[in-house]
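1. When you get a sec, could you give me coordinates for this:
(chains A and B)
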Protein chains: 2
Amino acid sequence: MKAEKIPEATIIRLSVYSRNLQYMEEMGITKVSSQEIADATDGSSAQVRKDLAYFGEFGTRGVGYEVKHLNRHLKKILGLTKPRSVVIVGAGRLGKALMLYNGFGNRGFRVMGIFDKDMSKVGEQVGDLTISPMYKLDQFIKTHNIQMGVVTVPAAAAQETVDIMTRAGVKAILNFAPKNLIVADDVKLRNVDLAVNLEVLSFYMGLEEREGEK
Amino acid sequence: MKAEKIPEATIIRLSVYSRNLQYMEEMGITKVSSQEIADATDGSSAQVRKDLAYFGEFGTRGVGYEVKHLNRHLKKILGLTKPRSVVIVGAGRLGKALMLYNGFGNRGFRVMGIFDKDMSKVGEQVGDLTISPMYKLDQFIKTHNIQMGVVTVPAAAAQETVDIMTRAGVKAILNFAPKNLIVADDVKLRNVDLAVNLEVLSFYMGLEEREGEK
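-> The predicted structure is shown next:
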């Protein structure tokens, strides 16, 4: 597997395929065609076959794929066969929602701690955890060998937060703060901006409205 | 402006540029170069100029852009000059977090209602709103002329939710349910999957771990 050659769009789709295969497994479906995998996502069957071909031969022509077998492979490719430990920094509404979000736990991401520098929040219960103070973050990451960090602090505090995380050993960061962050080359960073999604929709709606005015 | 020709990646970047220009405006910065806009995001100055060129001439060579002027234009392009009314369906943790998320209101998206079919949640206060029952959704959308819907219900209820929304007149949907939804051609749909982001990070971490084992 040559990592450099695999488009990120393929990785994103593999993640979605895997989620759908999981459903199928739970529903007791054992065989699936590339067309059925495509139907459950936004793609075509050719796209599904192309995405899977990066990683070897999984299906049988005319028969399709074994759901369980294929999903186990996809989860291995996605690094989901062992649990990943996660901390969330920023115990605002979004931080708390992510803390309680089932979608992470289902896929092997274990939120081990939630931190905030606002001492009035420290000690508050969120799900199974209590909010910890920021000065304990560094030691916590080292002690629990935390690999991933989720950043939901305000933009002004985001770089400082990421610096603490990465110095302590975090290797991947999911950033919700509306700020471009600088990390070392060996740290993976993804930025998520929830408002962007509404703005893209708004753009397309605006186009149609302008069309309508003509 | 030929809508068909503009890549979605450009729209996403315009949204990020606009957010950064907003900050600059608030900090009292009046002039900005394409390099400075690029520095605040992940792009290059050439990329910034190319993105803006789809929509006309905004800057002056050697002088740069007027922050306020450029941001006003970007917001117009993004359809953000008039408020957009939004409903959220699904008053779970994510729905509530989005309801309370400042990032939407700041950009002109007004969450007007939050709905859930779980009657034990109905009547509960979330920010300024109270959770309404699902059977009121259709009438609410029509009465308040709601344009956008955010779906945070479980996967099994997502298609039904979207059908109600679009029949009532919603024109754009942001879907957080892990399900591929079918909408009419004149309805815009974006799917957001929060776990995908962690899985993409996990994939790249897995690659490095396998490298390390060699």
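2. residues near the nearest residue to residue A:199 once chain neighbours are set aside, how many?
-> Distances taken as CB to CB, 6 or more residues apart in numbering or on different chains put residue B:15 closest to residue A:199, at 4.0 Å, once the chain neighbours are dropped. Every C-beta, even on glycine, is put in place using the N, C-alpha and C of the backbone. For residue B:15, the neighbour count with other CB atoms under 10 Å in any protein chain shown is 24.
3. tell me the pLDDT at residue B:15?
-> At residue B:15, the pLDDT value in this model is 90.
4. can you check residue A:108 too?
-> You'll see residue A:108 listed with a pLDDT of 86.
5. show me where chain A has helices.
-> Per DSSP state H, chain A carries helices over the ranges A:8-26, A:34-39, A:45-53, A:67-77, A:93-100, A:102-105, A:137-144, A:155-168, A:194-213.
6. name the helices or strands packed onto the longest one?
-> This means helix A:194-213. helix B:8-26, strand B:84-89, helix B:102-105, strand B:109-116, strand B:148-151, strand B:172-175, strand B:188-191 (3 or more CB pairs under 8 Å, 6 or more residues apart in numbering or on different chains; DSSP states H and E).
7. Tabulate those in a markdown table, adding columns for distance to residue A:67.
-> Below are the helices and strands packed on helix A:194-213 laid out as a markdown table (distance: least, CB to CB, whole Å):
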| stretch | distance to residue A:67 |
| --- | --- |
| helix B:8-26 | 32 |
| strand B:84-89 | 30 |
| helix B:102-105 | 38 |
| strand B:109-116 | 32 |
| strand B:148-151 | 26 |
| strand B:172-175 | 24 |
| strand B:188-191 | 22 |
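8. Ranked by average pLDDT, which of these falls at the bottom?
-> Among the helices and strands packed on helix A:194-213, helix B:102-105 scores lowest, at a mean of 76.
9. Which positions in that one come out as buried?
-> B:103-104 (16 or more other CB atoms under 10 Å in any protein chain shown).
10. Sketch out the low-pLDDT regions of chain A for me.
-> Residue ranges of chain A with pLDDT under 70: A:1-4, A:41-42, A:210-214.
11. can you list the domains in chain A?
-> Per automatic domain parsing, the domain ranges recorded for chain A read A:3-77, A:84-195.
12. Give me whichever of those is most buried.
-> domain A:84-195 (a mean of 19; mean count of other CB atoms under 10 Å in any protein chain shown).
13. what sits against the closest residue to residue A:114 other than its chain neighbours?
-> Of all residues not flanking residue A:114 in the chain, residue A:88 sits nearest, at 4.6 Å (CB to CB, 6+ apart). By CB atoms under 8 Å, 6 or more residues apart in numbering or on different chains, the residues touching residue A:88 are A:95, A:98-99, A:111, A:113-115, A:149-150, A:152.
14. If we use 6 Å, what do you get?
-> A:95, A:98-99, A:111, A:114, A:150 (CB atoms under 6 Å, 6 or more residues apart in numbering or on different chains).
15. repeat for residue A:87
-> So residue A:87 contacts A:113, A:146, A:149 (CB under 6 Å, 6+ apart).
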